[in-house]
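Peer 1: any chance you can model this:
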Amino acid sequence: MIQAPDLPLWAALIVGIFVLLSAAITLTGAMGLIRLDNFYDRVHPPTLGPTLGALCMLIASITCFSVLQSRPVVHEILIGIFVTLTTPVTLMLLARAALYRDRRSGDVDVPKD
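Peer 2: As a prediction, the model looks like this:
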């Protein structure tokens, strides 16, 4: 069994709050994916929710390991930068590909750029 780290109460509360916040935000994004009707509506919740959820989880991780190692841990900042940069780019590429596909097939009547 994995042993729980010995965190001070203030750090454990911060980590717990950010982990729960991360889970709630990610769940909200996943529910938006299920609830919405078409691709163009569905593309936003799964990109915005998990991005903010991942950033909350990274804040919790930074807090936990900085307290345990008594020095700032900044490896998670690189992960945050990577997630923050790649998620919007992926969203734009998927939306443009779907728009191109729908224009070619004639399913959507949208003005050309």
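Peer 1: show me what stretch 44-54 is in contact with.
Peer 2: Stretch 44-54 has contacts (Cβ atoms under 8 Å, 6 or more residues apart in numbering) with 21-23, 25-33, 36, 79-80, 83-84, 87-88, 90-91. Every residue, glycine included, has its C-beta placed from N, CA and C.
Peer 1: run the last query once more with 10 Å
Peer 2: Here stretch 44-54 makes contact (Cβ atoms under 10 Å, 6 or more residues apart in numbering) with 18-19, 21-36, 57, 76, 79-80, 82-84, 86-88, 90-92, 94-95.
Peer 1: could I have the buried ones of the residues you listed as PyMOL selection syntax?
Peer 2: Restricted to buried positions by 16 or more other Cβ atoms under 10 Å, the PyMOL selection for these reads:
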select buried, resi 18+19+21+22+25+26+29+32+57+76+80+83+87+91
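Peer 1: next one: stretch 83-95 to chain centre, how far?
Peer 2: Its chain's C-alpha centre and that of stretch 83-95 lie 11 Å apart, by Cα atoms, centre = their mean, to the nearest Å.
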